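*Asks:* Turn this into a structure:
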Amino acid sequence: MNISHHSTEWVFGNFSYLLFLGFLALVYIANAHYAEKNVREIQRLQKEIKELKWQYTSIKSETMFKSMQSQIETNLEPAGIHLSGRGPKVIKFD
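*Replies:* Next comes the predicted model:
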């Protein structure tokens with residue numbers, strides 16, 4: 001009986017310390033969850049950035065292709081518009 005009484009006194013005597021340890025355990029667990037959530041968010045954003053880069057490159061190459069003079073001529077033919085084979089006019093003045 002003496003051991004049980006002694007351990008009960010020890011628990012109540014160190015109750016504030018035990019509460020502090022419990023609080024630290026809760027903070028540690030919450031911090032781990034918060035860090036995992038942030039890691040998942042970073043990975044999602046990195047994936048989204050990679051997809052947007054691919055989309056940008058695709059649109060850029062398509063725009064470059066469509067802005068070539070031969071492609072412009074091909075697209076204007078059905079409308080009956082023909083581009084002259086000459087280059088741009090240069091105006092010089094003194």
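*Asks:* Could you point out which residue ranges in this protein have low pLDDT?
*Replies:* 1-2 (pLDDT under 70).
*Asks:* Quick one: the helices in the protein, in order.
*Replies:* If DSSP state H is used as the criterion, the helices of the chain fall at 2-13, 15-66, 69-76.
*Asks:* what packs against the last one?
*Replies:* So that's helix 69-76. Here helix 69-76 touches helix 15-66, going by 3 or more C-beta pairs under 8 Å, 6 or more residues apart in numbering; DSSP states H and E. All C-beta spots, glycine's among them, are computed from the backbone N, C-alpha and C.
*Asks:* quick one on the thing from earlier: in CSV, list the helices of the chain along with mean neighbour count and distance to residue 93.
*Replies:* Shown next, in CSV, are those (neighbours: other C-beta atoms under 10 Å; distance: least, C-beta to C-beta, whole Å):
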stretch, mean neighbour count, distance to residue 93
helix 2-13, 9, 100
helix 15-66, 10, 34
helix 69-76, 11, 28
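*Asks:* Can you tell me which of those helices is nearest to residue 84?
*Replies:* helix 69-76 (10.5 Å; C-beta to C-beta).
*Asks:* who's in contact with the closest one?
*Replies:* Here helix 69-76 makes contact (C-beta atoms under 8 Å, 6 or more residues apart in numbering) with 65-66, 82-83.
*Asks:* Dump the helices of the chain into CSV; add distance to residue 88 as well.
*Replies:* Shown next, in CSV, are the helices of the chain (distance: least, C-beta to C-beta, whole Å):
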stretch, distance to residue 88
helix 2-13, 92
helix 15-66, 20
helix 69-76, 12
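*Asks:* who wins for proximity to residue 91 among these?
*Replies:* helix 69-76 (21.4 Å).
*Asks:* Determine how far the closest one lies from the middle of the whole chain.
*Replies:* 38 Å (C-alpha atoms, centre = their mean, to the nearest Å).
*Asks:* Farthest pair within the contacts of helix 69-76?
*Replies:* Farthest pair in the contacts of helix 69-76, by C-beta to C-beta: 65 and 82, 20.7 Å.
*Asks:* start to end distance for stretch 83-94?
*Replies:* End-to-end distance for stretch 83-94, by C-alpha to C-alpha, to the nearest Å: 30 Å.
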